[in-house]
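1. Fold the following and give me the result.
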Amino acid sequence: MNQSFVFHSNSELLEGPVFDKKNNHLYFVSILDCLVYCYNPKTKEISSVKLDSPVSCVYLLRRKVILAASKNGFFEIDFNSLQKQFVFQIDTDKLVRYNDGIEDSIGRIIIGTMGFPEVKEKIGKVFSYHEGQFKTIIDNTTISNGLAFSLDNTLLYFIDTPTKKVARYSYDLRTGEVEFESNVIEFKGAGSPDGMCIDNKGMLWIAEWGGGCVSQWNPLNGSKLRELKLPCINVTSCCFDNHSNLYVTTAKSESKNDIYGGGLFYIELNKN
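-> Presented below is the predicted three-dimensional model:
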């Protein structure tokens, strides 16, 4: 298993990696710098577009065109021209910002919120947005974080970080409604669950804030399968590329020895 350090620009909080498997580009954000990045793994070229408020996650639209969620609304960003355009906003509390998001298989946008500039208990929500309409599907969250759909699209896994748990909701793809079923994973160590993704066998890969690793879990029985250590303490999110290898985002910590926090890593789990 090879691990490489891909990118570092002194960011405090890298997040939200999404890989466009059709066009072979990686997108990720620097939340507090209001920056959205596009990375081409073949050419190693990286470009960025700056928005006017903290930006949390992206959704793929077409080749080198994405939708980015920022505190001041959702913007379409064209990395072919480096142009941006406001598209819509959801009616959210003024004291929150968006955090992790995901798209379901028919194009609904799912996105969570958290307190900003201060984290406040149970001020967050998870919204669903589709065809100009939005609704709250999960309420009273503190730090809405990782989201992942089961492979058959009938379950939504969700992390509210301070709970140190992964919750499972039934998901109705037709209506976009969710219903809480149970907590399926609990973190008992130093790390708290942050962003996550799901592999092609239905196992969850979860970035551990304060845990210095990405861990793999079986959501069917709550067991931890493996742990991939990184050289920094705050690991924020992860996603798979075309080869089932992992891109991992991280954040700075208060440690003066933390020279890698805020960087982007690539973990080669499989030979290309």
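2. what are the ranges of the helices in this structure?
-> Using DSSP state H, no helices are found in the chain.
3. where in it is pLDDT low?
-> 272 (pLDDT under 70).
4. How about the contacts made by I137?
-> I137 makes contact with 110, 126-128, 176-178, according to C-beta atoms under 8 Å, 6 or more residues apart in numbering. All C-beta spots, glycine's among them, are computed from the backbone N, C-alpha and C.
5. Quickly note the distance from it to F127.
-> Noted for I137: a distance of 7 Å to F127, by C-beta to C-beta, to the nearest Å.
6. Could you tell me which residues touch both of those two?
-> Residues touching both I137 and F127 (C-beta under 8 Å, 6+ apart): I110.
7. thinking again about what came up before, ok, the contacts of I137 vs N40, which is closest?
-> Closest approach to N40 among the contacts of I137 (C-beta to C-beta): I110, at 27.3 Å.
8. what about Y129, how many neighbours?
-> 20 (other C-beta atoms under 10 Å).
9. again, but for N145
-> By other C-beta under 10 Å, 29 other residues sit near N145.
10. picking up where we left off before, out of the contacts of I137, who's nearest C238?
-> Relative to C238, the closest of the contacts of I137 is I110; by C-beta to C-beta it sits at 17.8 Å.
11. Surely L173 touches I110?
-> No. With contacts defined as C-beta atoms under 8 Å, L173 does not count as touching I110, sitting 11.8 Å away.
12. shared neighbours, the two?
-> Both L173 and I110 are contacted by D104, under the criterion C-beta under 8 Å, 6+ apart.
13. Please say which of the two ends up with more neighbours.
-> Set L173 next to I110 and count neighbours by other C-beta under 10 Å: I110 wins out with 25 against 14.
14. For the stretch 101-250 of the chain, just list every one of the strands.
-> In chain order, the stretch 101-250 of the chain shows strands spanning 109-115, 124-130, 133-141, 144-149, 155-160, 165-171, 178-186, 192-198, 204-209, 213-218, 223-229, 234-240, 246-251, with DSSP state E, counting those that start in this stretch as the criterion.
15. Any chance of TSV for these, columns distance to N80?
-> Shown next, in TSV, are the strands of the stretch 101-250 of the chain (distance: least, C-beta to C-beta, whole Å):
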stretch	distance to N80
strand 109-115	22
strand 124-130	25
strand 133-141	29
strand 144-149	28
strand 155-160	33
strand 165-171	34
strand 178-186	36
strand 192-198	26
strand 204-209	30
strand 213-218	32
strand 223-229	34
strand 234-240	22
strand 246-251	22
